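A.B. asks: 3D model of this:
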Amino acid sequence: MSTDTDLEKKLPTAAAESIRAVDSPSGADDNNGPPPPTTNLLRRINTRIESLAGFEARGITRVPPSERQPASALADLQVAILWFGANISANNMTTGLFGPLVFGLGFRDSVLCAVFGCLLGAASTGYMAVWGPPSGNRTMVCLRFFMGYWTSKLPCALNVVLMVGYITLNFIISGQILSAVSGGTMTIVVGIVVASLVCWVVAVFGMFIFHTYERYAWIPQLLALFVLIGCAGPHFDPSLESTGDAVTLAANRLSFLSLCLYVPSSWAAAASDYYVYYPETTSKLKIFLLTLTGLFVSFMLVYMIGIGLGSGVAANPAWADAFAISTGSLIVEGFAGLAGFGKFCGVIVALGIIANSIPGTYSAALGCQVMGRYGKMIPRWVWTCVVVVVELVCALAARENLLVVFGNFLALMGYWIEIMILIVAMEHVLFRGRRGFDWERWEDKKYLPVGVAALAAFLLGWVGAILGMYQVWYVGPLAERAGMSDIGLWVGCGFTLVSYPPMRWAELKMLGR
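C.D. replies: Below is the predicted model:
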């Protein structure tokens, strides 16, 4: 997170590194003759684009200490603002709807599950965020030091899918809200295109524009949410009780708690991406607490609104009719009674989702570079364009089945994130805590772990997740025994926790790294 002056000083060096990467897959200068005319043309185009004011040319290359920004109170505050501003968005509000409307939970049960689930998920992301300042490396590059050069590519690929899927859902909800505000005169398709265009512009420019946007975008969004609370709050039903017998109720509580955990923890695989310009001496505890605070406060605000809206659907026919149309229509219906001002607030809420889409698109593009040397040689801004196009196409294709796609996608993606975090934590605490890391060797395959133990534990964790998952399209045998509850996350983490330490110990004994 760089100030204007600091970032301008960094751009020439970063641009030079990017240009060298385009010329040669290995990052080294090519001395075997002049490049072909096509390469010269691409290099000139790339140079022109990366010379634009405020454009971040750096991709996954490590940020050395000499190029970090100095410590400041503003930079510290920006940590919490980033996460708060990016997550007080309507897509996260949708998660709260699942408590009353999908799992049949009462208001109190929904709130308690949301609180504890959100706290665990935010803590997971906070832990992964602490590796940005000491390493100067992006999250998926840091993962090489814990899981190995080749093994880390598997979570990296999954993270690209996760981010693309998340932003796809964001575009759909934004399109639904804009369509509902217009009374149907603007189609969902047009709303999706509008959201994707704004996201594309900001994500292409990178860190400077990204942080500038996030620094202020949350203010109108927060005001619009307060208006929504004031307008829709009287129709919330705090007396709503949970339904089902004791076994069903316990299963639904655990499933909703897990869902509320998945959403904030989904940022864990990108958490350190936004801290690489912080000084190496930055306190890990400070980064953890500020990240945790920004995530927890933002998610709990929108979770509570979502739970409130869901609790009022049964007693409010207008809300039930709106929900039958789309989730976005229900949110817009919450502003009913405010006439034109309510529609204006609906537009603000729709555009606020873009603040949540930008960091995910940015990190997905970086993940494409981490996948291999040929991915690295393509500039970050090119990958950003590719990612936005894929997100747009997926949003247009899935726009009619949002709630089903949303629930299944979040759960499925949440399994591997926590398994990955658990491997990182065990490697850190049990095996590498005292030795530390030589962060400059982020591409040295001979220094990084072999990754056999990490891969085996990761796959065993997935076996546990499959045995315990409860989805519309598949129910694991352990989930059936648990009263049709989604226990995939917990079983998967248990398998990983038991299997990784002995396998890693054996790997170190036999291979030495």
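A.B. asks: Where does the prediction get shaky in the stretch 251-400 of the chain?
C.D. replies: 400 (pLDDT under 70).
A.B. asks: switch the cut-off to 80
C.D. replies: Residue ranges of the stretch 251-400 of the chain with pLDDT under 80: 337, 339, 373, 375, 398-400.
A.B. asks: Run through the helices of it in chain order.
C.D. replies: Assigned by DSSP state H, counting those that start in this stretch, the helices in the stretch 251-400 of the chain fall at 284-312, 317-325, 327-333, 339-370, 373-376, 380-398.
A.B. asks: Centroid-nearest residue for the protein?
C.D. replies: Trp267 (3.4 Å; C-alpha atoms, centre = their mean).
A.B. asks: Save the helices of the stretch 251-400 of the chain as a markdown table, and put in distance to Val247 and mean neighbour count too.
C.D. replies: Yep, even glycine has a C-beta here, placed from its N, CA and C like the rest. A markdown table is the format used below for those (distance: least, C-beta to C-beta, whole Å; neighbours: other C-beta atoms under 10 Å):
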| stretch | distance to Val247 | mean neighbour count |
| --- | --- | --- |
| helix 284-312 | 23 | 22 |
| helix 317-325 | 28 | 15 |
| helix 327-333 | 29 | 27 |
| helix 339-370 | 36 | 23 |
| helix 373-376 | 48 | 16 |
| helix 380-398 | 33 | 19 |
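A.B. asks: For Ser485, which of those helices is the nearest?
C.D. replies: Closest approach to Ser485 among these is made by helix 284-312 (19.6 Å; C-beta to C-beta).
A.B. asks: tell me the angle that closest one makes with helix 339-370.
C.D. replies: Orientation note: helix 284-312 sits at an angle of 140 degrees relative to helix 339-370 (axes from the mean of the first three to the mean of the last three C-alpha atoms, to 10 degrees).
A.B. asks: Can you add distance to Val263 and give the helices of the stretch 251-400 of the chain back as TSV?
C.D. replies: Below are these laid out as TSV (distance: least, C-beta to C-beta, whole Å):
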stretch	distance to Val263
helix 284-312	7
helix 317-325	20
helix 327-333	15
helix 339-370	11
helix 373-376	28
helix 380-398	18
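A.B. asks: Name all residues that make contact with the residue nearest to the centre of the chain.
C.D. replies: Trp267 sits next to Trp83, Thr125, Leu295, Pro359 when contact means C-beta atoms under 8 Å, 6 or more residues apart in numbering.
A.B. asks: Tell me where the model's unsure across the stretch 1-150 of the chain.
C.D. replies: 1-59, 70-79.
A.B. asks: Tell me which stretches of it form strands.
C.D. replies: Ranges of strands in the stretch 1-150 of the chain, per DSSP state E, counting those that start in this stretch: none exist.
A.B. asks: where do the helices sit along the stretch 51-200 of the chain?
C.D. replies: Going by DSSP H, counting those that start in this stretch, the stretch 51-200 of the chain shows helices at 73-87, 90-101, 107-129, 132-135, 139-142, 144-147, 153-181, 188-205.
A.B. asks: can you state the direction angle for the first one and helix 339-370?
C.D. replies: So that's helix 73-87. Here helix 73-87 runs at an angle of 110 degrees relative to helix 339-370 (the same axes, to 10 degrees).
A.B. asks: Please state the offset of helix 73-87 from the chain centre?
C.D. replies: Offset of helix 73-87 from its chain centre (C-alpha atoms, centre = their mean, to the nearest Å): 15 Å.
A.B. asks: What is that helix packed up against?
C.D. replies: Where contact means 3 or more C-beta pairs under 8 Å, 6 or more residues apart in numbering; DSSP states H and E, helix 73-87 is packed against helix 207-232, helix 284-312, helix 339-370.
A.B. asks: circling back: who wins for proximity to Asn159 among the helices of the stretch 251-400 of the chain?
C.D. replies: Nearest to Asn159 among the helices of the stretch 251-400 of the chain is helix 339-370; the distance by C-beta to C-beta comes to 5.3 Å.
A.B. asks: Looking at the helices of the stretch 51-200 of the chain, which is nearest to Gly375?
C.D. replies: helix 153-181 (9.7 Å).
A.B. asks: Name the residues of that closest one that come out as buried.
C.D. replies: Neighbour counts using 16 or more other C-beta atoms under 10 Å place 153-156, 158-160, 162-181 of helix 153-181 among the buried residues.
A.B. asks: Asp486 should be in a strand, yeah?
C.D. replies: No. Under the criterion used here (DSSP: H, G, I helix; E, B strand; the rest coil), Asp486 is coil, not part of a strand.
A.B. asks: Test my guess that it contacts Phe256.
C.D. replies: No. The pair Asp486 / Phe256 is not scored as a contact, 9.1 Å apart, by C-beta atoms under 8 Å.
A.B. asks: For Tyr470, give me phi and psi.
C.D. replies: Dihedral pair for Tyr470: phi -130, psi 100, per degrees, to the nearest 10.
A.B. asks: residues contacting it?
C.D. replies: Neighbouring residues of Tyr470 by C-beta under 8 Å, 6+ apart: Ser255, Gly476, Ala479, Met484, Ser485, Asp486, Ile487, Gly488.
A.B. asks: how close does the nearest residue to Gln221 once chain neighbours are set aside sit to Cys199?
C.D. replies: Ranked by C-beta to C-beta, 6 or more residues apart in numbering and with sequence neighbours excluded, the top spatial neighbour of Gln221 is Gly352, at 3.6 Å. For Gly352, the distance to Cys199 equals 12 Å [C-beta to C-beta, to the nearest Å].
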